[in-house]
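Visitor: pasted the sequence and its predicted model underneath.
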Amino acid sequence: MQKTCKRKQLQLDGRFQKTPKSTTEEPYPCHHRPTAEECRAVRDELLALHGFPPEFLKYRRHRLMKMEPFSNEAQSEPLINSDDGDHKEESVLDGLIKIVLSQNTTELNSQKAFASLKSVFPTWEDVYAAETKSLENAIRCGGLAPRKASCIKNVLSCLHERKGKLCLEYLRDLSVDEIKSELSNFKGVGPKTVACVLMFNLQQDDFPVDTHVFEIARAIGWVPAVADRNKTYLHLNRRIPNELKFDLNCLLYTHGKLCRKCTMKGSSQKKLTSKDCSCPLSVNVVEG
């Protein structure tokens, strides 16, 4: 069992290898950005530009429903229209596998891969019992089928061996550090995947750093130019107020997909000046 669950050194979903066990570390204690005011301003600017990304609305509703009813954020952020059919909260295991399937592909392809998976194998017990090749065929439309199938099979095998059932709902009763430790034991489940499960499926105040968030954070000076994704994750989780993390993360991710200039690499990022007034973050780059 220990050999099966031993963590793979090369993660599927990130350049950095070790999942931070805690976000209390501060890799850049002298870098005082972003401020809470900056975070709120960027959140508001991107919300005005893009609206809230529809693919994240159901997760946002579940977060708001679990907040204290009289918290400032719950009062100021109305629930979305409940007529969209997403009343039921997805299981943690469903959420984890969806995030695994989303790695290195488009959202459309990952959705197709998950739908195909559930069509061929209606239950996780069916996936567990299936041949790996059959699983690969079911998710091939999402890309990297052999690697993702291996990760999924490993997660299910570890759960079956350790817990006797294919369920991750027990994570809801654990602390953030305990959740990180549990999920990091699954081969192929890297830091970004862990952070996404925390934020989307467990309603924890975490701030995943994917390629889009990482590049924008560096472009607008929220982390030093030499920052890597691991230290960016630690720094931003320390600096960004908890009540802004979810919305800001979803909006930065969306903006990174839509705004080519914000994710241009190297010295070309300096071109994001007043000439590009269509991007509200251009001012932040100049001022930062």
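Guide: That came through fine.
Visitor: okay, which residue is most central for this protein?
Guide: For the chain, the residue nearest the mean C-alpha position is C196 (3.1 Å; CA atoms, centre = their mean).
Visitor: okay, now L108: neighbour count?
Guide: 10 (other CB atoms under 10 Å). The way it works is simple: take the backbone N, C-alpha and C, and place the C-beta from them, glycine included.
Visitor: my bad, G221
Guide: Residues lying near G221 (other CB under 10 Å) number 17.
Visitor: quick revisit: in three-state terms, label the residue nearest to the centre of the chain for me.
Guide: Secondary structure assignment for C196 (DSSP: H, G, I helix; E, B strand; the rest coil): helix.
Visitor: i'd like the first residue to be 33 from this point on
Guide: Yes, from this point I'll number from 33; that puts the last item at C228.
Visitor: which residues touch it?
Guide: Residues near C228 by CB atoms under 8 Å, 6 or more residues apart in numbering: 131, 240.
Visitor: now do the longest helix that the chain contains, average pLDDT.
Guide: Assignment by DSSP state H gives helix 177-195 as the longest helix of the chain. Mean pLDDT, helix 177-195: 98.
Visitor: now find how far off-centre it is within its chain.
Guide: Relative to its parent chain, helix 177-195 has a centroid offset of 20 Å by CA atoms, centre = their mean, to the nearest Å.
Visitor: which positions within that helix qualify as buried?
Guide: For helix 177-195, a neighbour-count test (16 or more other CB atoms under 10 Å) marks 177, 179-191 as buried.
Visitor: if we can go back for a sec, in terms of pLDDT, where does the residue nearest to the centre of the chain sit?
Guide: Value listed for C228 in the pLDDT field: 98.
Visitor: for the stretch 33-182 of the chain, what spans make up the helices?
Guide: Using DSSP state H, counting those that start in this stretch, the helices found in the stretch 33-182 of the chain span residues 34-37, 68-82, 89-98, 104-108, 124-133, 139-152, 156-161, 164-171, 177-195.
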